[in-house]
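> How does the following fold in three dimensions:
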Amino acid sequence: MKKYNFNAGPSMLPREVIENTAKQILDFNGTGLSLMEISHRAKYFQPVVDEAEALIKELLDIPQGYSVIFLGGGASLQFMQIPANFLLKKAGYLNTGTWAKKAMKEAKHFGEVVEVASSAEDGYMHLPHNFDIPADLDYLHVCTNNTIYGTEYRKDLDSPVPLIGDMSSDIMSRPVDVSKYTAIYAGAQKNMAMAGVTVIIVKDELLGQAPRELPTMLDYRTHVEKGSMFNTPPVVPIYSLLETMRWVKAQGGVKEMDRRAQERAKILYDEIDRNKLFRGTVAAEDRSVMNLCFVMNDEYKELESKFFDFATERGMVGIKGHRSVGGFRASCYNAQTIEGVNALVKAMKDFEKTI
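Just a heads-up that it's a prediction; the model follows:
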């Protein structure tokens with residue numbers, strides 16, 4: 001039986017990315033060595049890093065004056081490393097869910113943190129809109145896509161202060177105006193690569209201004225100056241990232257990824273809205289096209305586990321909602337196919353017929 005992967009992360013990757021990475025694990029570029037055992041300082045690995053960086057810059061149309069670095073630690077490390085490097089006196093945060101709250105908590109170690117807006121009182125079932133942004137902020141932090149609750153800012157915010165974006169779950173799924181940002185960071189295990197590498201895009205002229213002495217590993221300048229090679233980088237994840245960036249470019253770039261994301265989301269949201277058994281969980285105008293969340297309507301709540309088993313038997317993987325919110329979540333990152341979405345929709349229709 002064919003499996004359809006809707007996991008929220010680590011998530012589905014293009015099949016050719018998996019196959020090409022697997023080949024290199026067995027024999028990297030004909031060297032007779034595995035990708036897992038080569039030295040990151042070997043002359044034949046440096047081109048991997050260089051091409052991956054160049055493709056990210058090309059695909060996101062990153063302007064001059066920004067660096068791309070590859071680090072470990074995931075987005076969770078960036079919750080701390082971002083304010084360590086960029087919080088001078090006061091930073092603003094949009095509280096849009098679990099990950100934004102975690103980022104706010106870490107930032108408070110380094111200076112004043114202002115909650116500019118929040119949707120917490122409404123259970124994060126919508127995004128904050130029409131809020132005032134203090135002009136004296138060093139930056140405004142926004143988690144552009146909220147995997148747990150299924151909300152997403154699909155367009156870059158207009159802000160009087162520089163933005164910092166946690167784009168872990170929607171980077172490379174749409175065009176981005178990088179010039180609006182001080183930094184963008186993303187754990188790669190959604191749209192870019194296997195788990196193990198984090199991509200950070202930083203504005204060079206704003207580095208080194210923090211009013212604190214930073215440990216060497218936490219200072220972005222260390223990694224910019226050493227080309228992500230200050231210490232051993234996650235070699236295999238970086239290679240899988242390179243293969244994914246090649247795939248995105250070959251498919252038509254981020255504009256095509258955006259078109260596909262909108263197409264997939266429309267198919268599934270149309271069924272959620274049509275089917276008597278289900279309902280969406282967030283405001284329609286804030287619905288994520290990456291993580292599509294839904295629950296059983298109240299009168300059918302007792303059927304939740306039955307539908308989960310029904311869909312699982314038909315090859316759906318990873319559709320259970322986050323433990324903190326329940327229900328269902330279909331994560332449709334770049335590698336997700338129309339075939340997979342249609343298979344889930346068919347399962348929903350077929351289950352409806354049994355009621």
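
> Give the residue spans of this protein that score low on pLDDT.
Under the criterion of pLDDT under 70, none of the chain is flagged as low confidence.

> Which stretches in it count as helices?
For the chain, helices defined by DSSP state H occupy the ranges 15-26, 46-59, 74-86, 98-107, 220-225, 235-251, 253-274, 304-313, 338-353.

> Just send these back as TSV, with distance to Met1 too.
In short, each C-beta sits where N, CA and C put it, glycine included. Conversion of the helices of the chain to TSV gives the following (distance: least, Cβ to Cβ, whole Å):
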stretch	distance to Met1
helix 15-26	17
helix 46-59	35
helix 74-86	32
helix 98-107	33
helix 220-225	44
helix 235-251	26
helix 253-274	21
helix 304-313	8
helix 338-353	11
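
> Of all those, which one is nearest His322?
Within these, the stretch nearest His322 is helix 98-107; the backing value is 8.3 Å (Cβ to Cβ).

> now stretch 189-206, how far from the chain's geometric center?
The gap between where stretch 189-206 is centred and where its chain is centred comes out at 10 Å by Cα atoms, centre = their mean, to the nearest Å.

> sorry, back to before: between the helices of the chain, which one is closest to Thr281.
Smallest distance to Thr281 across the helices of the chain (Cβ to Cβ): 9.5 Å, for helix 253-274.

> and the closest one with helix 338-353, angle?
With axes from the mean of the first three to the mean of the last three Cα atoms, to 10 degrees applied, the angle from helix 253-274 to helix 338-353 works out at 10 degrees.

> Remind me what helix 253-274 packs against, helices and strands.
If contacts are counted by 3 or more Cβ pairs under 8 Å, 6 or more residues apart in numbering; DSSP states H and E, helix 253-274 sits against helix 235-251, strand 278-280, strand 291-296, helix 338-353.

> Please identify the most buried of those.
Sort the helices and strands packed on helix 253-274 by mean neighbour count, taking mean count of other Cβ atoms under 10 Å, and strand 291-296 sits at the top with a mean of 24.

> export that one as PDB, just CAs?
Written as PDB, here are the backbone C-alpha positions of strand 291-296 (Å, rounded to 0.1, in the frame of the first residue of the first chain):
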ATOM      1  CA  ASN A 291      -0.100  22.900   8.100                       C
ATOM      2  CA  LEU A 292      -3.900  22.400   7.500                       C
ATOM      3  CA  CYS A 293      -5.600  21.800  10.800                       C
ATOM      4  CA  PHE A 294      -9.200  20.500  11.300                       C
ATOM      5  CA  VAL A 295     -11.300  18.600  13.800                       C
ATOM      6  CA  MET A 296     -14.500  16.600  13.800                       C
END
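
> in its sheet, what does it sit against?
Paired strands of strand 291-296, with direction, are strand 278-280 (antiparallel), strand 328-331 (antiparallel) (DSSP bridges).

> Any chance of TSV for those, columns distance to Tyr181?
Supplementary listing: these in TSV, determined by distance: least, Cβ to Cβ, whole Å:
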stretch	distance to Tyr181
strand 278-280	30
strand 328-331	24
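
> returning to what we had before: mind checking which of the helices and strands packed on helix 253-274 is nearest Val161?
For Val161, the closest of the helices and strands packed on helix 253-274 is strand 291-296, at 27.6 Å, according to Cβ to Cβ.

> And that closest one, how far out from the chain middle?
18 Å.

> do the same with stretch 185-203
8 Å.

> same check, this time on stretch 221-241
In terms of Cα atoms, centre = their mean, the gap separating the centre of stretch 221-241 from the centre of its chain is 19 Å.

> quick one on the thing from earlier: so which of the strands paired with strand 291-296 is nearest Ala195?
Between Ala195 and the strands paired with strand 291-296, the shortest gap by Cβ to Cβ is with strand 328-331, which sits at 14.3 Å.

> send the alpha carbons of that closest one over as CSV?
C-alpha atoms of strand 328-331 as CSV (Å, rounded to 0.1, in the frame of the first residue of the first chain):
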residue,chain,number,x,y,z
PHE,A,328,-6.0,16.4,12.7
ARG,A,329,-3.2,18.2,10.8
ALA,A,330,-2.2,17.6,7.2
SER,A,331,1.2,19.1,6.6
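
> Provide the contact partners of it at residue level.
Contacts to strand 328-331, defined as Cβ atoms under 8 Å, 6 or more residues apart in numbering, come from residues 6-9, 11, 147, 150, 190, 268, 278, 290-295, 307-308, 318-322, 341, 344.

> One more: stretch 18-32?
For stretch 18-32, using Cβ under 8 Å, 6+ apart, the contacting residues are Leu33, Ser34, Leu35, Met36, Ile38, Tyr44, Met194, Val236, Tyr239, Ser240, Glu243.

> isn't the last one right up against Val48?
It stands for Glu243. No: counting by Cβ atoms under 8 Å, Glu243 sits too far from Val48 to count as a contact (9.7 Å).

> before we move on, the earlier item: could the helices and strands packed on helix 253-274 go into TSV alongside distance to Cys332?
Listed next are those as TSV, based on distance: least, Cβ to Cβ, whole Å:
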stretch	distance to Cys332
helix 235-251	15
strand 278-280	14
strand 291-296	6
helix 338-353	7
